[in-house]
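Q: when you get a sec, could you give me coordinates for this:
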Amino acid sequence: MGEETRCAWSHEESVVVKVSPAEVFRYWTTVRNWADDAGVESAEIDGPFRRGARGRTHLAGGGHTDWTVISVEGERAAELEAPLEGAALRFELRFEDDDAGGCRLTQRIRLLGEAAAGYLEAVRAGFGSPNLSHGMRALARRIEAAIGRGQDLEGDSR
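A: Model prediction:
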């Protein structure tokens, strides 16, 4: 979906994670870690986490979401696109230094496309406030716990 496509909806949340941006990036780009989320049964990617890689997230309770990595900027940012019929969801994550030595993790979700209006209510319900905020805080706790127990973070980002 081209950048000229109008954004029908956007929502952004940030959270501070008490580990370095590089560690947060490695945790998040190791997609098998996504199954640490109760709403995700499993996630897979067709190779290293880089531009053009394709993946699938299997949702708890059934169903799946296919996605493509559309950009990776070092260990500082990544963006995924999940296609919908006549629309797309974009998930942009930024991994920035925090003043206290941790990582400010920001996620921005955008709904784009000609048919976006047909998805607007469901996307707002799933990713709007307070859901994204709660999800980001839970993600921060999972990352801190994984780093604290020395979990392997090198899987998909190599």
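
Q: the chain: helices as residue ranges?
A: Here the chain has its helices, by DSSP state H, at 21-29, 120-127, 131-148.

Q: do a quick rundown of the strands in this protein.
A: With DSSP state E as the criterion, the chain has strands at 7-17, 40-45, 54-59, 64-73, 77-84, 87-97, 103-112.

Q: a markdown table for the ones you listed, including mean neighbour count?
A: C-betas here are computed from N, CA, C, even on glycine. Formatted as a markdown table, those follow (neighbours: other Cβ atoms under 10 Å):
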| stretch | mean neighbour count |
| --- | --- |
| strand 7-17 | 17 |
| strand 40-45 | 17 |
| strand 54-59 | 16 |
| strand 64-73 | 16 |
| strand 77-84 | 18 |
| strand 87-97 | 19 |
| strand 103-112 | 20 |
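
Q: for M136, which of those is the nearest?
A: Counting by Cβ to Cβ, M136 lies closest to strand 7-17 out of those; the figure is 4.3 Å.

Q: now stretch 114-133: mean pLDDT?
A: For stretch 114-133, mean pLDDT is 95.

Q: contacting residues around that stretch?
A: 5-6, 8-9, 11, 13, 84-87, 89, 107, 109, 111 (Cβ atoms under 8 Å, 6 or more residues apart in numbering).
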